[in-house]
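Novice: What would the 3D arrangement of this be:
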Amino acid sequence: MNILVTGSTGFLGRTLCPALREQGHQVVGIGSRDCDLTNPNTLRQLFRNVSFDRIWHLAAWTQAGDFCLHHAGEQWLINQAINIHVLDWWKREQPKAKLIAIGSSCSYDPTLPLVEENYLRGQPTESLFTYAMTKRMLLVGLQALHAQFGLNYLYLVPSTLYGPNYHTDGRQMHFIFDLIRKIVDGARSGTPVILWGDGHQRRELIHVRDFVACALTLDSRVTNDIVNIGSGEEHSIREYAACICRHVGYDPERIKFDITRYVGVRSKQLHVAKLRRLAGPLSLTPWEKGIAETIKWYLASSHAAQSEGATPA
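Specialist: As a prediction, the model looks like this:
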């Protein structure tokens, strides 16, 4: 198949594109450095007389942590523009392609079960509300274009992705990478580590390779539906921190918790019964093994950055 991937230079894109090529597909990847999706004419100009069988839409303008608190207006304008332009081009120029879009677990109302039927129900967490609503509107757009024009889509909702090859360019990191960075830095300097919240907030992880494997299986089996992709288990920040401490030789008793800082929701675990029913038995990376692999990558990448005279993110 001929496949287009938006956001191909991001964390997920850097794993998805090679996996698609390994399956024998022709893959064209575009990232923010070479493609401005806020321009309504960009895709039309780039791909005149090019036909795609699949469009994987990963592109989004956001960062982890408290980024959404400070950029709500920009997030609404930029992400709505990106999604509208991709969907409009899909409808006008690539109606035979199936579009696979990536949602966000932050779009769920945390007071409701995080099951697919609730994705558009209730209120997302206030601190993430604007970004969460742009992701909801993306799903609504897919559903509307399918209903009126018969276009085919698949909407995938990941829990927090982790693994090697995350960005180290100074942007805010998802919690597990931030934990690794802080604890590694604490071990190197011998100073106390300060983590946000009380450490009892719970999070779910899924290795980026596992997410891609599940996504490719679902693409071959499911159309015009929404599916969560997660590990089906969550652990506390304290559990994750203790695991990292064991690997880097840092005393977890030295960790201090700052309850005045941004925490987010207390718990976030996706229901994955639908995934298991549609994708079959899952063979997922155990989280302790995945964290060890991620730490090894981080140590190597930060060492390389220091060798080049740079400060690791």
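
Novice: What is the three-state secondary structure of L138?
Specialist: Secondary structure state of L138, per DSSP: H, G, I helix; E, B strand; the rest coil, is helix.

Novice: Count the neighbours of it for me.
Specialist: 26 (other Cβ atoms under 10 Å). Where C-beta positions appear, they are placed from N, C-alpha and C, glycine not excepted.

Novice: who touches it in this structure?
Specialist: H57, N83, L87, A101, G103, Y155 (Cβ atoms under 8 Å, 6 or more residues apart in numbering).

Novice: redo that, cut-off 10 Å
Specialist: Contact analysis of L138 by Cβ atoms under 10 Å, 6 or more residues apart in numbering lists 57, 60, 79-80, 82-84, 86-87, 101-104, 107, 153, 155.

Novice: Quick check: the gap between it and E22.
Specialist: Going from L138 to E22 by Cβ to Cβ, to the nearest Å gives 28 Å.

Novice: And for S301?
Specialist: For S301, the distance to E22 equals 23 Å [Cβ to Cβ].

Novice: now swap in L139 and tell me
Specialist: From L139 to E22 the distance is 29 Å (Cβ to Cβ).

Novice: Of these two, give the one with the bigger neighbour count.
Specialist: Neighbour totals were compared for L139 and E22, and L139 leads with 19 against 9 (other Cβ under 10 Å).

Novice: Skipping adjacent residues, who's closest to the more buried one in space?
Specialist: Y155 (5.2 Å; Cβ to Cβ, 6 or more residues apart in numbering).

Novice: element containing that neighbour?
Specialist: strand 152-158 (DSSP states H and E).

Novice: Repeat that for A147.
Specialist: Using DSSP H and E, A147 falls within helix 129-149.

Novice: Buried residues of that helix, list them for me.
Specialist: By neighbour count on 16 or more other Cβ atoms under 10 Å, the buried set for helix 129-149 is 129-139, 141-142, 145.
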